[in-house]
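*Asks:* Fold the following.
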Amino acid sequence: MSRSARRGIRRVLLLLPLVLAAVPMAVVPALALEFTSSNLPIILIDTPAGDIPDEPKVDARMRVIDNGPGRRNRVDDEPSAYDGIVGIELRGSSSLNFPKKSFGLETREEDGSNRNFPLLGLPEENDWVLHGPYSDKSLMRNVIAYWIANELGRYASRARFCELVIDGHYMGLYVLLEKVKRDGERIDIARLREDEVGGEDVTGGYILRIDRFAAGVDGGWFSWLQVDELRPFYRYEYPDAGVIRPAQEHYIQNFVNGLETALLSPEFTDPEVGYRRYLDLDSLVDYVIVNEIAKNVDAYRLSMFMFKDRDRDGGAGKLEFGPVWDFNLGFGNVDYDVHPDAPIRGAQTAGLLLNSRILWGSWQFWFWLRRIFQDPEFIARLDRRWRQVRTDLLTEERIESRIEAAAELLAEAQERNFARWPVLGVDVWPNYFVGRSHREEVDYLKDWFRQRLLWMDAELMAAAATVPDIDLERVTIVAAAEPRRPDRFALLPAFPNPFNGAATISYQLPEAGQVRLAVHSILGQEVAILAQGWRGSGVHRLTWNGRDAAGRSVGSGPYLLELRAPSGAVAGGRLTVVR
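*Replies:* Reported below is the predicted structural model:
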């Protein structure tokens, strides 16, 4: 069967996991698979309601059995590594379409407060990820990518393989990962407290993230620069949107605006006045190396973290790239090149991602990176670093040895995993290679690495030298460099008022936070909720179509608007419907 025909059939089959994704996890049937012991740690989770939602996290009991190296772990052993309360929720975006889910995990005390704990020997913390590889049938792509970053001396999530049981159902092979967050053992930057709003204190630390953007949910800001119709959105990862203070928002937005302004300048490569004043170049070099080795099609546009530490002793804390995250679609595991409708151009192991001219998503390959690749100093550092790591840290022998060690460790558990999730020999989106066994998947991964490293040795620097610059005539300034915010909380007059079809309602927030805008009848009964959740500082506009929460048209007459602010303040207004 041709690849195009196979792809068409697969698109139909993909509807099944989309349906399963909408079904509560507990009702997805588990295979009748007897699971009693493992050479890997065993995690058992019991949920009181028998269901795990997308969000928020629900309380559950977790027991972890890890009897130590060389000793078997049995499901009826006394828990030796953890026995207590956790909060758990589904985790992921496109991966939620798969029947095998990943989970966000939070270790908790009995009263619900955070419980820092060293799960499976990892440095103690309370935020974790249980990653369930599904389309990645090697089961190890993320683990290998994070190991490469660690070899380069960069922090990336530590990982431990385990097997998971939920509510008595065997769920397969999982990877316990550290969630990306500020911590002395993770992203080691200064803790930024709510009262640190000036001087050297306000300069750090910050973690930003480029990812899919959900309006009204994600806190952050759009770049003040636009390339054609595209603008990156910088999400607040730390401090998060619920606690970041106006002065802190002002600082980090101005810092990034300064970097972008420098990149626009004809002197952007000047070490004194250009972008290097703001950006740690070596962190970007390593970030590019890890993502280009993997040929990670999500690189530079999704799950992209950056962080800034505090200025210290007169030295400026620069913005650093990392940590790397999410490599399910790396290392030859996709049958498309950047865009799902674009054909593969040349060999899977060839090509530099930044040389793609296809845009997918409002942040894809945004102009930062293309401008930086025009800097001879960056190219020189990339060249030196690549030649260095290929002689010691990232040789074929070291990488293949790491892959084989993981394969040997998983030899037993992978059989149970693929009995639970029978995808070997099955084309699961977006597989390029479909192996009939785990060994074939591992051998494909090793061969892919060899070919990719050969291509990078021969072509990386030539390809880097031909990355196209952004045509600055395509760049538009769409906002002032100085972020502006309203000076007071207010619900502004609605227009038109009275109205028949729809009315526009505006409100302004001097600071970001949780808001709630509701419509009440004149008797005080709640009719509809127009806005609820996190909103950034600024002016917000929405429309009300004169319908209640059930979608029914309301009757003629006056209605009351009630807006509750992050500070607890309440503002009211009046709106009249005329039928």
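
*Asks:* Pro239 and Pro246 touch, don't they?
*Replies:* No. Taking contacts as CB atoms under 8 Å, Pro239 lies outside contact range of Pro246: 11.9 Å. (Glycine included, C-beta is placed from N, CA and C.)

*Asks:* okay, those two: which has more neighbours?
*Replies:* It is Pro239, of Pro239 and Pro246, that has more neighbours when counted by other CB atoms under 10 Å, with 22 against 14.

*Asks:* sec struct for the closest residue in space to Pro493 that isn't next to it in sequence, please.
*Replies:* Leaving aside its sequence neighbours, Pro493 sits nearest to Gly573 (CB to CB, 6 or more residues apart in numbering; 7.2 Å). Here Gly573 is recorded as strand under DSSP: H, G, I helix; E, B strand; the rest coil.

*Asks:* where does Gly573 sit relative to Gly513, distance-wise?
*Replies:* As judged by CB to CB, to the nearest Å, Gly573 and Gly513 stand 20 Å apart.

*Asks:* phi, psi of Leu563?
*Replies:* Backbone torsions of Leu563, given as degrees, to the nearest 10, read phi -110, psi 120.

*Asks:* ok, now which ones touch it?
*Replies:* Counting by CB atoms under 8 Å, 6 or more residues apart in numbering, Leu563 makes contact with Leu491, Tyr507, Val515, Arg516, Leu517, Val570, Ala571, Gly572, Gly573.

*Asks:* Just list whatever residues bridge to it.
*Replies:* Per DSSP bridges, residues listed as beta-bridge partners of Leu563: Leu517, Ala571.

*Asks:* what's the answer for Arg541, then?
*Replies:* Per DSSP bridges, the residues bridged to Arg541 are Ser506.

*Asks:* What of Pro558?
*Replies:* Note on Pro558: beta-bridge partners Thr576, judged by DSSP bridges.

*Asks:* burial measure for it, as a count.
*Replies:* Residues near Pro558, counting by other CB under 10 Å, number 11.

*Asks:* so what's it up against?
*Replies:* Applying CB under 8 Å, 6+ apart, one finds that Pro558 lies in contact with Ile522, Arg574, Leu575, Thr576, Val577.

*Asks:* The third one: neighbour count?
*Replies:* So that's Leu575. Neighbours of Leu575 under the rule other CB under 10 Å: 20.

*Asks:* and stretch 509-524, how far apart are its ends?
*Replies:* End-to-end span of stretch 509-524 (CA to CA, to the nearest Å): 25 Å.

*Asks:* buried residues in it?
*Replies:* Residues Leu509, Pro510, Glu511, Ala512, Gly513, Val515, Leu517, Ala518, Val519 are the ones in stretch 509-524 that count as buried (16 or more other CB atoms under 10 Å).

*Asks:* ok, the residues you listed vs Arg154, which is closest?
*Replies:* When the buried residues of stretch 509-524 are ranked by distance to Arg154 (CB to CB), Ala512 comes first, at 30.4 Å.

*Asks:* low-scoring stretches of this protein, by residue?
*Replies:* Counting by pLDDT under 70, the chain shows low-confidence ranges at 1-33, 215-217, 229, 314, 337-346, 357-366, 479-487, 495.

*Asks:* one more time with 50, if that's ok
*Replies:* 1-32, 339-344, 359-363, 480-483 (pLDDT under 50).

*Asks:* Can you mark which positions in the longest helix seen in it are buried?
*Replies:* Taking DSSP state H as the criterion, the chain has its longest helix at helix 438-464. Of all the residues in helix 438-464, those buried under the rule 16+ other CB under 10 Å are 438, 440-446, 448-449, 452-453, 455-456, 460-461, 463-464.

*Asks:* One more: stretch 157-176?
*Replies:* Those would be 157-167, 169-176, for stretch 157-176 by 16+ other CB under 10 Å.

*Asks:* domains of the chain?
*Replies:* With domains defined by automatic domain parsing, the chain comprises 3-183, 201-394+458-477, 490-577.

*Asks:* first to last residue in the shortest one, what's the distance?
*Replies:* From its first residue to its last, domain 490-577 covers 22 Å (CA to CA).

*Asks:* Just give me how far it sits from the chain centre.
*Replies:* Domain 490-577 sits 32 Å away from the centroid of its parent chain (CA atoms, centre = their mean, to the nearest Å).

*Asks:* same thing with the longest one?
*Replies:* Distance, stretch centre to chain centre, for domain 201-394+458-477: 14 Å (CA atoms, centre = their mean).

*Asks:* That one: end-to-end distance?
*Replies:* End-to-end distance of domain 201-394+458-477 (CA to CA): 30 Å.

*Asks:* go on, stretch 467-474?
*Replies:* 17 Å.

*Asks:* in it, what's buried?
*Replies:* Buried residues in stretch 467-474, counted by 16+ other CB under 10 Å: Val467, Ile470.
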